[in-house]
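Enquirer: sequence unknown, structure follows:
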């Protein structure tokens, strides 16, 4: 990190005061189609998130010696998965 450089203030690059001052009028809605029962029937709720796993992992608390954890971490990224795979072979 370079301490000598000053950070520039971030800007959205938009005129927020103009946006905040805008009020909706009746003519703003004239281009919108009428909402029909057919449209509502086709609607789909997207909850987002990850899909449910067929074999979800369970959270446990396990105390291990510091040297064991350091050896696993030294093997690089994904060490938790490799440890779980090794434990499942037992």
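Expert: Thanks, I have the structure now. What you are looking at is a predicted structure, and each value in this text was computed from that prediction instead of being measured.
Enquirer: tell me how many other residues crowd residue 83.
Expert: 16 (other C-beta atoms under 10 Å). The C-beta positions use only the backbone N, C-alpha and C, and glycine is treated the same way.
Enquirer: wait, I meant residue 57
Expert: By other C-beta under 10 Å, neighbour count at residue 57 equals 7.
Enquirer: likewise residue 82?
Expert: Neighbours of residue 82 (other C-beta under 10 Å): 13.
Enquirer: element containing it, please.
Expert: helix 79-88 (DSSP states H and E).
Enquirer: helices or strands up against that helix?
Expert: helix 66-73 (3 or more C-beta pairs under 8 Å, 6 or more residues apart in numbering; DSSP states H and E).
Enquirer: let me see the mean pLDDT of the helix holding residue 82.
Expert: For helix 79-88, mean pLDDT is 93.
Enquirer: what of stretch 33-47?
Expert: Rounded mean pLDDT across stretch 33-47 is 90.
Enquirer: work out the gap between it and the centre of the chain.
Expert: Between the centre of stretch 33-47 and the centre of its chain there are 26 Å (C-alpha atoms, centre = their mean, to the nearest Å).
Enquirer: buried stuff in that stretch?
Expert: Judged by neighbour count using 16 or more other C-beta atoms under 10 Å, stretch 33-47 contains no buried positions.
Enquirer: how long is that stretch end to end?
Expert: For stretch 33-47, the first and last residues are 25 Å from each other (C-alpha to C-alpha, to the nearest Å).
Enquirer: before we move on, what about stretch 55-65?
Expert: OK, stretch 55-65 end separation, C-alpha to C-alpha: 28 Å.
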